[in-house]
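Asks: Just the structure for this:
(chains A, B, C and D)
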There are 4 protein chains.
Amino acid sequence: MQKAKLALKAHADHQTVVNLSSTVTVGGSDLLIVGGPCSVESQAQMEAVASRLRVAPIQAIRGGVYKPRTSPYDFQGMGLDGLEILAGVRDRYGLPVITEVMAISQIEAIATHADVLQVGSRNMQNFDLLKAVGQVDKPVLLKRGLAATLEEFVMAAEYILSHGNPNVILCERGIRSFDPFTRNVLDLGAVVALKQITHLPVVVDPSHAAGKRELVANLAKAAIASGADGVMVECHPEPEESVSDARQTLSLEAMAELVQELGRIANAVDRTIPQTGVMPQLSWV
Amino acid sequence: MQKAKLALKAHADHQTVVNLSSTVTVGGSDLLIVGGPCSVESQAQMEAVASRLRVAPIQAIRGGVYKPRTSPYDFQGMGLDGLEILAGVRDRYGLPVITEVMAISQIEAIATHADVLQVGSRNMQNFDLLKAVGQVDKPVLLKRGLAATLEEFVMAAEYILSHGNPNVILCERGIRSFDPFTRNVLDLGAVVALKQITHLPVVVDPSHAAGKRELVANLAKAAIASGADGVMVECHPEPEESVSDARQTLSLEAMAELVQELGRIANAVDRTIPQTGVMPQLSWV
Amino acid sequence: MQKAKLALKAHADHQTVVNLSSTVTVGGSDLLIVGGPCSVESQAQMEAVASRLRVAPIQAIRGGVYKPRTSPYDFQGMGLDGLEILAGVRDRYGLPVITEVMAISQIEAIATHADVLQVGSRNMQNFDLLKAVGQVDKPVLLKRGLAATLEEFVMAAEYILSHGNPNVILCERGIRSFDPFTRNVLDLGAVVALKQITHLPVVVDPSHAAGKRELVANLAKAAIASGADGVMVECHPEPEESVSDARQTLSLEAMAELVQELGRIANAVDRTIPQTGVMPQLSWV
Amino acid sequence: MQKAKLALKAHADHQTVVNLSSTVTVGGSDLLIVGGPCSVESQAQMEAVASRLRVAPIQAIRGGVYKPRTSPYDFQGMGLDGLEILAGVRDRYGLPVITEVMAISQIEAIATHADVLQVGSRNMQNFDLLKAVGQVDKPVLLKRGLAATLEEFVMAAEYILSHGNPNVILCERGIRSFDPFTRNVLDLGAVVALKQITHLPVVVDPSHAAGKRELVANLAKAAIASGADGVMVECHPEPEESVSDARQTLSLEAMAELVQELGRIANAVDRTIPQTGVMPQLSWV
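Replies: Okay, the predicted model is just below:
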């Protein structure tokens, strides 16, 4: 790690707090709970998520509009139409939105419509993309590569930091391993280590690690207990109908229950899950 | 898993509670916190552990007397002398003791002196040893192999169960992976899955997974939050002087603090850390 | 693999032969031996490689001018100046050149100066880059990701094929594993499988897998014996002075010896290492 | 590796040649080709293997009679009856036999009936078994553990050597990894490294690595090209009827063809496949 000049802690209490909006932060005592579907599919879907989970409460919404799919023949995301749905939901409910950027050509549109640019696992060492999001005035959520060492992960963040963007959130989401039972192995040891090594916020995506919805809640609780600054969980009004990653997606009810359970763990580690968001304005107001 | 006839849950609430002693159990609402050194080194060492941690409280003591070492030239354990130390401490402090059995020839002595026989990772598929401990009237703590699938782990337990011993405790202790930063990767997804698949108690050894003491506490907390029935943590009166695994060993003070923190997590998941053990009898009584 | 429409063999003898130049092919009975440094460093360096190895004989030259480096502070490659050096050497010695493309913005310059565009391991699932090189009229050498399954690897090729470029060469280069002794684990089982599953040529990079130069030659021989259509080996006039990957780089003499040894293996599996390239034109001609 | 006193090369040409019988060796210029079924099933089965493959020629026969099976309910091997079949075939055809020892209690019978004691992957760090076979006057074929580092593998051999048995043969058989396509990943980089580090013979089992019979031949060829001292291949008179590992088992015809192909590779690396064994004596002679 010796070459990382910007990502490492300068002293034991060194901790960056990233602002996702005027009221939502990550890295401080407030936890960040993010919910939402793998893919944005429709206005109604995202309204359902936001209206139900705003009061759970979650603090931010996720949803992919540009999708990195193993097969070129699979659904590649709604693109710009999806971005407009995300922006609309954000404006109505006051919840910042996180969405993935796969290419430099998408940055401008995403930075205009969304609050956090996610760089996915497959692009963790797409260095030109890292340099480009390093020049954007929005936070970047950087997911760990499928087989990235902690050093590679920290140095990928360093690419973004060294190009001018100080607001990087690290996300552990499971690594490749030999057991077919879970999709990936959630590496909470990495979370504990990253919190000691870097001053950047560290969140956890238990959904992609688990690959099975019945494993998600307890992994999310473990993540908060391990010291993570938040979790990002896939949920959907009709999980079985999700166009992607259905098997690992929670229902909105299960997600709301999970937030309550996470509140108890948060309390046990001196963290809080803040109420945020706003009541949607009625159209005639 | 379809071939496992005895290890799988028969119904959702099916849960085995294993008795380590007349007062200590694992698998019910009481958690099992085990502390102790990698290797039993002396009477004084084990007295220090038991007297300080009995009130933490921990519920059982661990310590190896037969040591599986990578090199034939490294310390191989105190053997029978160590067993006698363990038995003495158990009798004086009322804490059941756990120690590793590496060979069939050691079973009789260990079963006589200790309360739980540990089968280590390297022997998880030493099938003749599994069959032999399957015929012993003491609980077996079975550690997951370094690269064992969940199916292999459950089927290893099945070997023990099918030879007549119903008291098997599974222990996740980290799996081999590519990152040199941690010693192994603690697979809490496996813990969540095993708790859903089997009725056997599942505990976690965060020390061997972390390989670095500063990572242990938060991994232990994560383990309890994930639903584990207990944790087994390496600690030593003088960690740096430990004859083996010094780098991952907690001091007794750090261990006592950890137990307090675990109590908060336990409360958040509706579990308890019971007071147990007894004041040592004074010698003139 | 069922979704791959273009990459899979239609029948057992289905085999694509890719032309790197008017005289150099890969996928037929002629093997493709590629040599050259990790990074293009100077005109003199590349002249030394080409003049010594043209007669070895190797059939193509490699050299990176845009370098994907873990650290943003490490040498990032010569860029356009390096491309001009490559093109000059290609023209003088008649050896096609292979170089890595890291970003869509580099494609035009690389396609103009080089004969084969390499997509590196870190970009194997940079889907926008795959789509873009799918529209280029030059062959693409696609390296397997550090932890890519065979299905993901084949589907990454499918992205390129489905966007119009039929000339894809697959390259196995080692996968991440737990043993620190070698840098990666060369997966020749993947080579044997890919040759049976797809009709695309498959070559092997033993240098990145080995990470140590003393392991490279025997791994290259194994690759040819396993049925690979070629190997790509890092070599340098002064290996210890290489600006990157020095530890795994062969000297030109060692490389020339290796080509001779590979010729014997080639003969044993009914393949040939063709003489190719031309004498450099003298400047007064 | 610094602690290995006996397994490491003392100088570059240091090479141990192990005698399997008065005519069969491994570690010298003669290669060792071992064929036979996963499990000994009957006298007729083993006669068919020996009579067909003696002239292929193979130099030794394998067959398990004590089987380490994941499930306690699967076939556990013929035991002593199988040993007698092996001994009979050895005596009639002059081919040394290799069979697995799983427990100290089996050593005496196996050492009496067989020529080489195999210690399987699951027992690579069953240290008491290693110490026990270290006191036997027969060669030991030690298979690499499923996730063993090279250091652990060499130190396991050191256990045997340091207990008095100098005749250890190392066997690479594939390591655990993430890709479900092959059963394991054959690590030929380990073979190349072990041949440089140790003076012990190194052979390769491509069958367990491949897991699919159509991948076995080319991996065996790669193994010999990489510098291995031999290969051990599963084959059976009726592969589909094999009681274990059917999917990876070659027919006797395929095995005989493979030996011919291996002869060509052997020639390319200056090794030989010796004719050995004897015509079976007719019973009335």
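Asks: so A:Pro206 touches A:Ala220, yeah?
Replies: Yes: the pair A:Pro206 / A:Ala220 is scored as a contact, 4.7 Å apart, by CB atoms under 8 Å. (Each C-beta comes from the backbone N, C-alpha and C, glycine too.)
Asks: tell me, what's touching the two both at once?
Replies: Common neighbours of A:Pro206 and A:Ala220, counting by CB atoms under 8 Å, 6 or more residues apart in numbering or on different chains, are A:Val231, A:Val233.
Asks: interface residues of the stretch 101-250 of chain A facing chain C?
Replies: A:102-105, A:122-129, A:131, A:145-147, A:151-152, A:155, A:158-159, A:162-163, A:175-176 (CB under 8 Å from any CB of the partner chain).
Asks: Put the buried members of these into a PyMOL selection.
Replies: Only the buried entries of these go into this PyMOL selection, using 16 or more other CB atoms under 10 Å in any protein chain shown:
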select buried, chain A and resi 102+103+104+122+123+124+125+126+127+128+129+131+145+146+147+151+152+155+158+159+162+175+176
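Asks: Show only the entries of the residues of the stretch 101-250 of chain A next to chain C found in helices.
Replies: A:Phe127, A:Asp128, A:Leu129, A:Lys131, A:Glu151, A:Glu152, A:Met155, A:Glu158, A:Tyr159, A:Ser162 (DSSP state H).
Asks: from the residues you listed, which two are the most distant?
Replies: A:Asp128 and A:Glu151 (20.4 Å; CB to CB).
Asks: report the angle between the axes of the one helix or strand A:Ala193 maps to and helix B:188-197?
Replies: Element membership of A:Ala193 [criterion: DSSP states H and E] is helix A:188-197. Counting by axes from the mean of the first three to the mean of the last three CA atoms, to 10 degrees, helix A:188-197 lies at 140 degrees to helix B:188-197.
Asks: Let's check: the centremost residue of chain A is which one?
Replies: Geometric centre of chain A, nearest residue: A:Met232, 4.7 Å, by CA atoms, centre = their mean.
Asks: The stretch 151-285 of chain A against chain B: which residues are in contact?
Replies: Checking the stretch 151-285 of chain A against chain B by CB under 8 Å from any CB, the hits are A:151, A:174-175, A:177-182, A:185-190, A:192-193, A:195-196, A:209-210, A:212, A:214-215, A:218-219, A:221-227, A:264-265, A:267-269.
Asks: Go ahead and build a PyMOL selection from the buried members of those residues.
Replies: Buried members of those, identified by 16+ other CB under 10 Å, are gathered into one PyMOL selection as follows:
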select buried, chain A and resi 151+174+175+177+178+179+181+182+185+186+187+188+189+190+192+193+195+209+210+212+215+218+219+221+222+223+224+225+226+227+264+265+268+269
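Asks: among the residues of the stretch 151-285 of chain A next to chain B, which are in reach of chain D?
Replies: Within those, those near chain D by CB under 8 Å from any CB are A:Ser177, A:Phe178, A:Pro180.
Asks: pLDDT and distance to D:Gly35 for those - can I get that in JSON lines?
Replies: Listed next are those as JSON lines, based on pLDDT from 0 to 100; distance: CB to CB, whole Å:
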{"residue": "A:Ser177", "pLDDT": "94", "distance to D:Gly35": "34"}
{"residue": "A:Phe178", "pLDDT": "94", "distance to D:Gly35": "29"}
{"residue": "A:Pro180", "pLDDT": "88", "distance to D:Gly35": "31"}
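Asks: Give me the distance between the lengthiest strand in chain A and the centre of its chain.
Replies: Secondary structure of chain A per DSSP state E: the longest strand is strand A:230-236. Averaging C-alpha positions (CA atoms, centre = their mean, to the nearest Å) puts strand A:230-236 8 Å from its chain's average.
Asks: In the sheet, which strands lie alongside it, parallel or antiparallel?
Replies: strand A:32-36 (parallel), strand A:202-204 (parallel), strand A:250-251 (parallel) (DSSP bridges).
Asks: For that strand, give the mean pLDDT please.
Replies: For strand A:230-236, mean pLDDT rounds to 98.
Asks: How about stretch A:148-159?
Replies: 98.
Asks: Tell me which residues are up against that stretch.
Replies: In contact with stretch A:148-159 (CB under 8 Å, 6+ apart) are residues A:1, A:3-8, A:121, A:124-125, A:127, A:130-131, A:134, A:142, A:144-145, A:168, A:170, A:175, A:190, A:193-194, A:197-198, A:200, B:178-181, C:70-72.
Asks: In strands, which of those residues appear?
Replies: A:Leu142, A:Val168, A:Leu170.
Asks: So out of everything in the stretch 1-150 of chain A, what residue is nearest chain D?
Replies: Closest to chain D within the stretch 1-150 of chain A is A:Ala147: 8.2 Å, counting by CB to the nearest CB.
Asks: Now do the contacts for that residue.
Replies: When contacts are taken as CB under 8 Å, 6+ apart, A:Ala147 is in contact with A:Ile175, A:Arg176, B:Phe178, C:Leu146, C:Ala147, C:Ile175, C:Arg176.
Asks: same question, A:Thr25
Replies: A:Val17, A:Val18, A:Asn19, A:Leu32.
Asks: Take the helix or strand of chain A with the lowest mean pLDDT, keep the C-alpha atoms, and write them as CSV.
Replies: Lowest on mean pLDDT, DSSP states H and E among the helices and strands of chain A sits helix A:206-210, with a mean of 93. The C-alpha trace of helix A:206-210 is given here as CSV (Å, rounded to 0.1, in the frame of the first residue of the first chain):
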residue,chain,number,x,y,z
PRO,A,206,-24.6,-8.5,0.8
SER,A,207,-27.0,-9.3,-2.1
HIS,A,208,-24.4,-10.0,-4.8
ALA,A,209,-22.3,-12.0,-2.3
ALA,A,210,-25.2,-14.1,-1.1
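Asks: following that helix, which helix or strand shows up next?
Replies: Immediately after helix A:206-210, counting by DSSP H and E, sits helix A:213-226.
Asks: Compute the inter-axis angle for that following helix and helix A:188-197.
Replies: Going by the same axes, to 10 degrees, helix A:213-226 makes 30 degrees with helix A:188-197.
Asks: helices or strands up against helix A:213-226?
Replies: When contacts are defined as 3 or more CB pairs under 8 Å, 6 or more residues apart in numbering or on different chains; DSSP states H and E, helix A:213-226 packs onto helix A:188-197, strand A:202-204, helix A:206-210, strand A:230-236, strand A:250-251, helix A:252-268, helix B:188-197, helix B:213-226.
Asks: and the angle from it to helix B:252-268?
Replies: Going by the same axes, to 10 degrees, helix A:213-226 makes 140 degrees with helix B:252-268.
Asks: In CSV, list the C-alpha atoms belonging to helix A:213-226.
Replies: This file holds the C-alpha atoms of helix A:213-226, laid out as CSV (Å, rounded to 0.1, in the frame of the first residue of the first chain):
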residue,chain,number,x,y,z
ARG,A,213,-32.3,-13.8,-0.7
GLU,A,214,-32.6,-15.9,2.4
LEU,A,215,-29.0,-15.2,3.2
VAL,A,216,-29.0,-11.4,2.7
ALA,A,217,-30.5,-10.1,6.0
ASN,A,218,-28.0,-11.9,8.3
LEU,A,219,-25.1,-10.9,6.1
ALA,A,220,-26.3,-7.3,6.2
LYS,A,221,-26.4,-7.4,10.0
ALA,A,222,-22.9,-8.9,10.1
ALA,A,223,-21.7,-6.1,7.9
ILE,A,224,-22.9,-3.4,10.3
ALA,A,225,-21.5,-5.3,13.2
SER,A,226,-18.1,-5.5,11.5
